[in-house]
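Engineer: Pasting the sequence and the predicted coordinates here, then a few questions.
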Amino acid sequence: MAVPVAFDQTSSGYSLERAYWLARAADLAYQDRSVIEEQAAQWGFGRVRHHETRFTPPFPLQDTQACTLVSDRMIVTAFRGTEPGRIEDWLSDTTTPPTPGPGGNGYVHHGFAEALDSVYPAVHDALTELRTCGQSVYFTGHSLGGALAMLAGARLYLEEPHLAADGVYTFGQPRTCDRLLAEAFHQGFGGRMYRFVNNNDIVAQLPPEPAFTHVRALRYIDSRGKLHESMPTFSVLADRAKGVTADAFAPASDGIRDHSMRSYLTALERNLA
């Protein structure tokens with residue numbers, strides 16, 4: 001298997017190639033509008049919608065951004081993430097009460113709910129307007145963007161199941177919700193959600209349990225860069241220990257390095273080679 005050179009818009013179900021291209025889309029969401037539009041056109045997406053909201057203090061983020069790429073076969077909405085240093089304190093904060101989840105299912109981290117609410121109407125409008133010929137729909141994102149992608153998928157599925165996305169792929173996603181929402185999401189959408197975690201990625205370990213948890217469908221990248229479609233929890237913990245000790249000169253920075261989108265793309269490329 002080799003790294004693909006063209007964005008495959010036709011296949012269905014899970015594939016490593018699709019994970020790679022949606023990781024590329026998640027990475028693209030960090031770029032300026034002109035860069036996004038130029039790259040989208042090269043990938044075969046003739047239309048692009050940008051979704052952006054500016055916040056005012058004391059909200060911990062400056063803005064929330066996403067972009068929707070549209071072709072006659074596929075629609076991809078990629079939510080922009082943020083760096084660990086900008087959200088670590090916010091992710092660790094459990095003092096703000098969580099917000100009721102979509103469709104009345106469980107609870108969601110308050111900050112994630114606010115961030116998604118700020119762009120969700122525009123994303124929803126774009127999907128309903130532009131999904132004119134039965135295109136498949138995918139959500140993706142890295143870091144905070146992964147949390148928003150997961151919650152957008154949950155909201156669409158739990159509130160308007162006839163409009164449900166075909167898949168959600170996230171990279172370095174933080175914990176977003178309580179167990180009730182995670183289970184409700186998994187019951188109907190579990191076969192379409194894929195959560196990639198690179199070894200000691202620090203953001204994937206926040207906010208703290210038990211208040212918040214992850215949805216299932218973990219795709220784990222071990223300390224050697226090998227992707228596992230399933231891995232027992234004790235094996236993950238043991239492998240994380242290996243990752244921490246791999247760099248004797250900077251063990252504390254392992255979680256930050258593992259979180260970078262470049263690290264995820266490199267790992268996916270190696271597994272495709």
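Structural biologist: Perfect, thanks for sending it.
Engineer: Quick check: chain neighbours aside, which residue is closest to T176?
Structural biologist: A147 (4.6 Å; CB to CB, 6 or more residues apart in numbering). Bear in mind the C-beta positions are built from the backbone N, C-alpha and C, glycine included.
Engineer: list the contacts for the one you found?
Structural biologist: Counting by CB atoms under 8 Å, 6 or more residues apart in numbering, A147 makes contact with H109, F112, G141, T170, Q173, P174, T176.
Engineer: okay, the residues you listed in JSON lines with secondary structure, distance to N271 and pLDDT next?
Structural biologist: As requested, the contacts of A147 are exported to JSON lines (DSSP: H, G, I helix; E, B strand; the rest coil; distance: CB to CB, whole Å; pLDDT from 0 to 100):
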{"residue": "H109", "secondary structure": "coil", "distance to N271": "30", "pLDDT": "90"}
{"residue": "F112", "secondary structure": "helix", "distance to N271": "29", "pLDDT": "88"}
{"residue": "G141", "secondary structure": "strand", "distance to N271": "20", "pLDDT": "98"}
{"residue": "T170", "secondary structure": "strand", "distance to N271": "17", "pLDDT": "98"}
{"residue": "Q173", "secondary structure": "coil", "distance to N271": "19", "pLDDT": "94"}
{"residue": "P174", "secondary structure": "coil", "distance to N271": "23", "pLDDT": "92"}
{"residue": "T176", "secondary structure": "coil", "distance to N271": "26", "pLDDT": "92"}
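Engineer: now, which of those residues sits nearest S223?
Structural biologist: Q173 (19.5 Å; CB to CB).
Engineer: ok, V168 to T99 distance?
Structural biologist: Per CB to CB, to the nearest Å, V168 is found 20 Å from T99.
Engineer: again with Q205
Structural biologist: Relative to T99, and taking CB to CB, Q205 is found at 22 Å.
Engineer: State the mean pLDDT of the helix or strand A23 falls within.
Structural biologist: Applying DSSP states H and E as the criterion places A23 in helix 16-28. Across helix 16-28, pLDDT averages out at 96.
Engineer: After it, which helix or strand is next?
Structural biologist: Helix 16-28 is succeeded, C-terminally, by helix 33-43 (DSSP H and E).
Engineer: Which residues outside that following helix are in contact with it?
Structural biologist: Helix 33-43 is contacted by residues A6, F7, W21, L28, A29, Q31, V48, H50, C67, L69 when judged by CB under 8 Å, 6+ apart.
Engineer: any idea what the residue nearest to T176 is structurally, helix, strand or coil?
Structural biologist: At A147 the chain is in helix, as set by DSSP: H, G, I helix; E, B strand; the rest coil.
Engineer: do the same with F139
Structural biologist: strand.
Engineer: picking that back up, quick one: which of the contacts of A147 is most hemmed in?
Structural biologist: Sorting the contacts of A147 by how many neighbours each has (other CB atoms under 10 Å) puts T170 first, at 34 neighbours.
Engineer: tell me which residues form a beta bridge with that residue?
Structural biologist: When bridges are called by DSSP bridges, T170 pairs up with G141, R195.
Engineer: show me where pLDDT drops low in the protein?
Structural biologist: 1, 55-62, 83-95, 231-254 (pLDDT under 70).
Engineer: which residues in the stretch 51-200 of the chain form helices?
Structural biologist: Counting by DSSP state H, counting those that start in this stretch, the segments of the stretch 51-200 of the chain that form helices are 84-92, 110-130, 144-159, 179-189.
Engineer: if you compare those, which one is most tucked away?
Structural biologist: helix 144-159 (a mean of 26; mean count of other CB atoms under 10 Å).
Engineer: buried ones in stretch 5-14?
Structural biologist: F7, Q9, Y14 (16 or more other CB atoms under 10 Å).
Engineer: I appreciate the help and will end here.
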